[in-house]
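Engineer: Coordinates for the following, if possible.
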Amino acid sequence: MLALSALLASNGCSDSRSRSDGDARTSDGSAADSDGSGSDAGACTVPSYADDIVLDTARAVSLPSVAAGAASGATHAFVCGQGYLAAVTPGAPPIVLQDALLSTPCAVAAGGQRVLVATRAGALLALRFDGAALSVIGSNPSAATTLYDVAINGDDVWLAAGSDGVLSLSLAGDALSTPVSLAGAHDARGVVRTGTGDLLVADGAAPGEQSAGGGAQIRLLSTGAGGGSKAELVELPGIATRALVQGDRAVVLRPGYGFDVLDLAAGALTLRYSTPMAIGLPFDALLEGDTLLVAAGSALVRYALGQSAATRVSLQGRADSGALDSRWYRAVARAGSGPSASRVALAGETLIPFSLGAGDVAPDIALEQATVTLVGGQREALFRILNIGSAPLVVTGVSADAPFSVEVDNQVSPPRPGCATQTVVAPGSAIVAWHRTSDTSEQVVAPLRLVSNDPDEPTLTVQGEANRPTIKVGDSVEDFALLSVDGRRFVSSDRRGKALLLKLYNKT
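Structural biologist: Modelled structure (predicted):
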């Protein structure tokens, strides 16, 4: 389940996929009659679907604190957080190294037995992992004013250093050399080496480089002496923060907007298409051939990358949506290589392995808000139940604990033909339900339950609330948590006593 700010009327992606098992389904998702008569004998049969992103919580690994970055490794995934770096493989205790230079936000890169960690405070650590322990082999507490990303290839290391551009250094003999600036980047946020030896840079949105058309820039830099820009794409909306490369294909993330798919063939830089994301913010991603897995804060999202468009295949929302300590999906990586490798996602203080299904269509239930609230003396209010999946959602039951009641509004959202106890929600649409209370005297909180054929969450439990006092100027604000566009977790109580300005905007 996800709490969304708007119905997915259009997210710039195609969701037209056929089921791989070849079964025929009518428009409401029920199995079609084999004789083609259109009989409603099976009208109340609820179609079932396979879960496409399957979390393996039994092999989840607890980390010392909230993790901020991850990198894939040959045998382990490497995870950085406040004061620590961990080498992690699913189902086993993490191998942890603690160091005062490690702070968050942070970025990690791994090459062979060597691991690099860059922190937003500008520190750079080089470590060696022998399969059993991590050890520091070099450090630079002030490699730059700020560091956003790090990449390694052999003895060569590159740093995305914000307004300092891209820095190059060597790790020959396990010794960190002095960073040298490469010309061409203005606000480097993400950096990765391409197959031709160039650098693909997510070049942020530097002051003075923005125009009315936008500020994000994507650059292809030479790694030769002094560097230099070989190709660029400019005036894209938002901020480019992360770059990924596999063969001639590249993906650049732009939180607040979505991602770009690029062609690097023959050393060129060609924008194939851009995909807006209506769900969450793309903080990190894993590129596997035609599959892109995005850690989007509120969800883990799977896309299929085509030649001219990306298709959103499925998503896995965080289970504790709405909770103050909610485990946001912050990063995604692989632990190991080859067929035995495990995909892993960072969710708060936990690393969770997961597997992928066949990518078939499926429904996905969601609400526009994490809490269904009756304000002041309200006795009833409407809320919407959304289907953000790609197959018909069948809602088979709604219930609530006292003093609440909940029911689908059958006048606005008629029941399924031939089956009065079910309501069908077409992909990309919603139905309307009533939330009512019999108690208008005291503030009360109780669960509401929505039962459907969502394969990931067949029973969605959300918090219902009534008689919440109307907020007035001078009242204390209830504590809340948010993620910034660069993935930092913001908790309002941490700023108690200070003036806060929240900028809320429509990212479309």
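Engineer: Find the residue at the geometric middle of the chain.
Structural biologist: The chain has residue 296 as the residue nearest its centroid, 1.3 Å off, counting by Cα atoms, centre = their mean.
Engineer: Phi first, then psi, for that residue.
Structural biologist: Note on residue 296: its backbone torsions stand at phi -110, psi 30 [degrees, to the nearest 10].
Engineer: and what of residue 267?
Structural biologist: Torsion angles at residue 267 (phi, psi; degrees, to the nearest 10) stand at phi 70, psi 10.
Engineer: So what touches stretch 373-387?
Structural biologist: 4, 7-8, 363-369, 372, 393, 395, 408-409, 425-438, 440, 450, 464-470 (Cβ atoms under 8 Å, 6 or more residues apart in numbering). C-beta: built from backbone N, CA, C; applies to glycine.
Engineer: Recalculate using a threshold of 6 Å.
Structural biologist: With contact meaning Cβ atoms under 6 Å, 6 or more residues apart in numbering, stretch 373-387 is reached by 7, 363, 366, 368, 372, 393, 425, 427, 430-437, 440, 465-466, 468, 470.
Engineer: Could you list which of these belong to helices?
Structural biologist: In helices, judged by DSSP state H, none of the contacts of stretch 373-387 are found.
Engineer: Buried subset of the residues you listed as a PyMOL selection?
Structural biologist: Listed next is the PyMOL selection for buried residues among these, using 16 or more other Cβ atoms under 10 Å:
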select buried, resi 7+363+366+368+372+393+425+427+430+431+433+435+436+437+465+466+468
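Engineer: Can you tell me the closest non-neighbouring residue to the residue nearest to the centre of the chain?
Structural biologist: Leaving aside its chain neighbours, residue 296 sits nearest to residue 280 (3.0 Å; criterion: Cβ to Cβ, 6 or more residues apart in numbering).
Engineer: Residue 339 looks like it's in a helix, true?
Structural biologist: Yes. Assessed with DSSP: H, G, I helix; E, B strand; the rest coil, residue 339 lies in a helix.
Engineer: With residue 77 as the reference, measure out to it.
Structural biologist: Here the criterion is Cβ to Cβ, to the nearest Å. By it, residue 339 lies 17 Å from residue 77.
Engineer: Which one's more surrounded, those two?
Structural biologist: More crowded of residue 339 and residue 77, by other Cβ atoms under 10 Å: residue 77, with 31 against 5.
Engineer: show me where the stretch 1-150 of the chain has strands.
Structural biologist: With DSSP state E, counting those that start in this stretch, the ranges of strands along the stretch 1-150 of the chain come out as 53-55, 61-62, 67-71, 77-81, 84-88, 95-98, 106-111, 114-119, 124-129, 134-140, 149-153.
Engineer: wait, I meant the stretch 351-500 of the chain
Structural biologist: Using DSSP E, counting those that start in this stretch, strands in the stretch 351-500 of the chain cover 365-367, 371-375, 380-387, 393-400, 404-408, 423-425, 430-437, 444-452, 459-468, 481-483, 489-491.
Engineer: Which of the ones you listed sits closest to residue 89?
Structural biologist: The closest of the strands of the stretch 351-500 of the chain to residue 89 is strand 489-491. By Cβ to Cβ, the value is 25.6 Å.
Engineer: low-confidence ranges in the stretch 151-300 of the chain?
Structural biologist: Within the stretch 151-300 of the chain, the segments meeting pLDDT under 70 span 205-214.
Engineer: rewinding a little: correct me, but the residue nearest to residue 296 touches residue 298?
Structural biologist: Yes. Using Cβ atoms under 6 Å, residue 280 is in contact with residue 298, at 4.3 Å.
Engineer: before we move on, the earlier item: ok, which of the strands of the stretch 1-150 of the chain comes nearest residue 286?
Structural biologist: Comparing the strands of the stretch 1-150 of the chain by Cβ to Cβ, strand 67-71 comes nearest, at 9.5 Å.
Engineer: got the angle for the closest one vs strand 106-111?
Structural biologist: Orientation of strand 67-71 against strand 106-111 (axes from the mean of the first three to the mean of the last three Cα atoms, to 10 degrees) gives an angle of 20 degrees.
Engineer: partners of strand 67-71 in the sheet?
Structural biologist: Note on strand 67-71: by DSSP bridges, its sheet partners are strand 77-81 (antiparallel).
Engineer: What lies in contact with the strand it pairs with?
Structural biologist: 65, 67-71, 86-88, 106, 108, 110, 115, 117, 333, 335, 344.
Engineer: now the residues you listed: which count as buried?
Structural biologist: Neighbour counting with 16+ other Cβ under 10 Å marks 67-71, 86-88, 106, 108, 110, 115, 117, 333, 335, 344 as buried within the contacts of strand 77-81.
Engineer: how far away is residue 191 from residue 228?
Structural biologist: In terms of Cβ to Cβ, residue 191 sits 15 Å off from residue 228.
Engineer: Same check on residue 500?
Structural biologist: 43 Å.
Engineer: Which one of these two is surrounded by more residues?
Structural biologist: Taking other Cβ under 10 Å, residue 500 and residue 228 do not tie; residue 228 has more neighbours (12 against 9).
Engineer: pretty sure that one contacts residue 181?
Structural biologist: No. Contact between residue 228 and residue 181 fails when scored by Cβ under 6 Å: they sit 11.5 Å apart.
Engineer: Mind exporting the C-alpha coordinates of the strand or helix carrying residue 273 to PDB?
Structural biologist: Residue 273 belongs to strand 270-276 when assigned by DSSP states H and E. What follows is strand 270-276, C-alpha atoms only, in PDB (Å, rounded to 0.1, in the frame of the first residue of the first chain):
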ATOM      1  CA  THR A 270      21.800  10.400 -26.900                       C
ATOM      2  CA  LEU A 271      18.600  10.800 -24.800                       C
ATOM      3  CA  ARG A 272      16.200   8.000 -25.700                       C
ATOM      4  CA  TYR A 273      13.400   9.100 -23.400                       C
ATOM      5  CA  SER A 274      12.500  10.400 -20.000                       C
ATOM      6  CA  THR A 275      10.100   8.800 -17.600                       C
ATOM      7  CA  PRO A 276       8.200  10.700 -15.000                       C
END
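Engineer: tell me what that strand is packed against?
Structural biologist: With contacts defined as 3 or more Cβ pairs under 6 Å, 6 or more residues apart in numbering; DSSP states H and E, the packing partners of strand 270-276 are strand 258-263.
Engineer: Just the buried positions in the strand it packs on, please.
Structural biologist: 258, 259, 260, 261, 262.
Engineer: ok, now stretch 103-123?
Structural biologist: For stretch 103-123, the neighbour count (16+ other Cβ under 10 Å) marks 103-111, 114-123 as buried.
Engineer: List the contacts of the residue nearest to residue 296.
Structural biologist: Contacts for residue 280 (Cβ under 6 Å, 6+ apart) come out as 296, 297, 298, 299.
Engineer: Recalculate using a threshold of 8 Å.
Structural biologist: Residues near residue 280 by Cβ under 8 Å, 6+ apart: 2, 294, 296, 297, 298, 299, 301, 329.
Engineer: what number of residues lie near residue 51?
Structural biologist: Using other Cβ under 10 Å, residue 51 has 16 neighbouring residues.
Engineer: pretty sure it contacts residue 456?
Structural biologist: Yes. Residue 51 is in contact with residue 456 according to Cβ atoms under 8 Å; the separation is 5.1 Å.
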